[in-house]
Each structure stands twice: as structure tokens, then as C-alpha cells.
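Colleague: Return a 3D structure for these sequence lines:
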Amino acid sequence: CRDALKVFHVATSTVNPLTLRALRDIVQDHFERRPMVDRKGNSINVKPAVLFTTEFAFVAHIWVRYALPLALLKFLQWLFPWMMTYVRRQQLRMMDKTYASLKRFAKLYRPYTFYGGLFDAGNTEELLSGLSLKEREAFDFDLRSINWLQYIGV
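Modeller: Predicted coordinates for the structure are as follows:
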């Protein structure tokens, strides 16, 4: 169609993509080279983030890591109420709030985390190929030349 809207992606998932794994590695490397410190000045070791390839894997992990222990602790609290100290009740409330927040954030970010679409850079590459050498230098947006580590600036 002659009047169709032409989209020009300057970041893309088909040409020189920044994968989540690469981003995780860049962030991990940053914190290994420049660790955060606690109040005493000791380095805080940051574990690599766990990446999930499917929504099912994420839900299963959250269920095993949070929901199941939380349900078990609530059952034990019901079964043995005299064993639940004030501190343990506070810890249980905090776990419950953390799990609720985690579920809320998972629902909020769901559309962005397991999105399977691709962003084609064909129009951008076509535009770039039509530029003169001088114009290419002035408007440097060759997607293949993006150095993600330098771009992110860590």
C-alpha cells in the first residue's frame, strides 16, 4: 500500500541483538569489577541472575522457591501456633508480602519478558544503504556497529 506507515527500528532483534543473557553477563561483570559494599566495607557478592526461557519455568521456580515454603510455614503456624514467636510471625508476614509483590511484578512485566516478536531492521538498512559516505558518518546508525558494552557504558 502506497500510504502505509514505514517503521524504522534503530534497535533490533534481528541485526546485532542485545540478548538478555548478554545483558546479564555485562551487569554481572560490572558488579564483579566494582562490587557494592556493606556498612563494614566488605564486598557484597552478587550472584548471576537466573534466566528463564519459558513462562512455565519461571512460574515453577517461583512456586518451588516461594509459594510452597510459604504454604508449609502457614500450615505449621496453624498446627503449632505456640511455636510461632513474634519474630517468626514477622518473617512470615515479610515472606508473604515479598511473594505478593513478586506475583504483582511478574504480572505487570509479563508482556515484555516472554514476548516472541521480532523487530525487523530492513527499512533502516535500506535507508542506510541509500546514504552517501558523508551522510553515513553524520548519521551513524549502522545497527551492526553497535558495541553493546560501550553503549551501556559499564
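
Colleague: Now Gln77. Nearest residue, chain neighbours left out?
Modeller: Met84 (5.0 Å; Cβ to Cβ, 6 or more residues apart in numbering). Where you see a C-beta, it was placed from the backbone N, CA and C, and this is true even at glycine.

Colleague: Can you give me the distance of the one you found to Leu68?
Modeller: Look at Met84 and Leu68: by Cβ to Cβ, to the nearest Å, they are 19 Å apart.

Colleague: Which one's more surrounded, the two?
Modeller: Met84 (15 against 11; other Cβ atoms under 10 Å).

Colleague: What backbone torsions are found at that one?
Modeller: Reported as degrees, to the nearest 10, the phi and psi values for Met84 are phi -90, psi 100.

Colleague: cool, Leu149 as well?
Modeller: When read as degrees, to the nearest 10, the backbone of Leu149 gives phi -60, psi -40.

Colleague: neighbours around it, how many?
Modeller: By other Cβ under 10 Å, neighbour count at Leu149 equals 14.

Colleague: ok, now Asp25?
Modeller: Asp25: 14 neighbours (other Cβ under 10 Å).

Colleague: Give me the three-state assignment for it.
Modeller: Secondary structure assignment for Asp25 (DSSP: H, G, I helix; E, B strand; the rest coil): helix.

Colleague: where in this protein is pLDDT low?
Modeller: 1-2, 11-12, 154 (pLDDT under 70).

Colleague: That one: strands as residue ranges?
Modeller: 36-37, 43-44 (DSSP state E).

Colleague: Mind checking those strands for the one nearest to Met95?
Modeller: strand 43-44 (21.7 Å; Cβ to Cβ).

Colleague: Next up, the contacts around the nearest residue to Pro69 once chain neighbours are set aside.
Modeller: Nearest non-adjacent residue to Pro69, counting by Cβ to Cβ, 6+ apart: Met95, 7.7 Å away. Remark: with contacts taken as Cβ atoms under 8 Å, 6 or more residues apart in numbering, Met95 is in contact with Tyr66, Pro69, Leu70, Leu73.

Colleague: can you pull the contacts of the last one?
Modeller: Yep, that's Leu73 we're talking about. The contact partners of Leu73, by Cβ under 8 Å, 6+ apart, come to Leu92, Met95.

Colleague: okay but the residue nearest to Gln77 is in contact with Lys74, surely?
Modeller: No. Counting by Cβ atoms under 8 Å, Lys74 is not a contact partner of Met84; they are 10.2 Å apart.
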